[in-house]
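Undergrad: Starting from these lines, generate the structure:
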Amino acid sequence: MIEVGMEYVTEIEVTEADTARAIGSGTLAVLATPKMCALMEESAYKCVMAELEEGATTVGTSLNISHLSATPLGMKVKAVATVTGVDGRKISFDVKAYDEAGLIGEGTHERFIVLSERFIAKVYSKIK
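TA: Numbers count the residues shown, from 1 in each chain. Take a look at the predicted model:
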């Protein structure tokens, strides 16, 4: 059962592949905002996966974050997702990211529970 307060942490060490320069979101060798967002989403989906029925997954539908501080190559980053609400198939999260010096990003995220096969069938029905 998915409950308010559940939490999951994802950790990485920033490599060149994680930088704004490598991802294409900027020119500097610092943690890219899209990579920070991806870590937040990863923490959120992993937070609830064990509680889903067989054949179900979650999909992200909203992410509202602020990237507060840059992180250099080689520094460790952790993203924390905490369930703040459950409304039917909608799950709300508080998301935060930290490097070794402190808070680097925060915001909110929403995911919806879907049946994987049904969802994929609907997505691919767009192709005619």
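Undergrad: In the chain, which residue is most central in space?
TA: By C-alpha atoms, centre = their mean, the chain has its centre lying nearest to Glu41, at 1.0 Å.
Undergrad: surely it meets Leu63?
TA: Yes. Using C-beta atoms under 8 Å, Glu41 is in contact with Leu63, at 6.8 Å. All C-beta spots, glycine's among them, are computed from the backbone N, C-alpha and C.
Undergrad: Let me know the next secondary structure element after the biggest strand by length in the chain.
TA: Criterion DSSP state E: the longest strand present in the chain is strand 102-115. Reading on from strand 102-115 to the C-terminus, the next helix or strand found by DSSP states H and E is helix 116-124.
Undergrad: Check which helices and strands that following helix is in contact with.
TA: Here helix 116-124 touches strand 56-67, going by 3 or more C-beta pairs under 8 Å, 6 or more residues apart in numbering; DSSP states H and E.
Undergrad: other SSEs contacting the strand it packs on?
TA: helix 33-48, strand 90-99, strand 102-115, helix 116-124.
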